[in-house]
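predicted coordinates and the sequence they were generated for:
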Amino acid sequence: DILVDGKVCDCDAVVTCQVGDPVPLQVKLTNWSKHSVGPFALTMMPYQDYQNGVHNYDLQDAITFVGSNTFHIDTVKPAKDSVYFGALLFLYTGDFYLNIKFHEDNCSRELPLSWLCLPSVHIRATEPVA
């Protein structure tokens, strides 16, 4: 589950926020399997989609994270969940997207890391209301 500014985020909806206001993010990972899972790393990466196949991830002048954009998850037991909180601060107006990825955080493996990507979250940063 993904919550942006306290609202459950649907991949088809656009979340609107104001430039200069921190936007709270909450990502909840629920383990529906019969076995414990982990360790994982959760990474959130903002980008702009230029609608021509190009994604701009170089946004350090437009967006900043309040806190970290990567969280380490040790183990999630069956039928339990793990919740992670963060916030984004938009410095300019525009349409932005947020990639949320879980990947295995086990350096002892010889195989490539497995990734689980959630649908991108669409956030529109607008001018503050006067």
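Sure, I can see it.

quick one: low-confidence residue ranges for this structure.
11, 105-118 (pLDDT under 70).

these two touch, right, residue 94 and residue 125?
Yes. Using Cβ atoms under 8 Å, residue 94 is in contact with residue 125, at 5.8 Å. Any C-beta I mention is one placed from the backbone N, CA and C, and that applies to glycine too.

ok, these two, which is more surrounded?
The neighbour comparison of residue 94 against residue 125 (other Cβ atoms under 10 Å) goes to residue 125, with 23 against 15.

residue contacts, the closest residue to the more buried one other than its chain neighbours?
Once flanking residues are discounted, residue 125 sits nearest to residue 90: 3.7 Å by Cβ to Cβ, 6 or more residues apart in numbering. For residue 90, the contact set (Cβ atoms under 8 Å, 6 or more residues apart in numbering) comprises 17, 18, 19, 20, 21, 23, 62, 63, 96, 123, 125.

what about the third one, how many residues nearby?
The local packing count at residue 19 equals 15, with neighbours defined by other Cβ under 10 Å.

got the contact list for it?
So residue 19 contacts 90, 91, 92, 93, 125, 126, 127, 128 (Cβ under 8 Å, 6+ apart).
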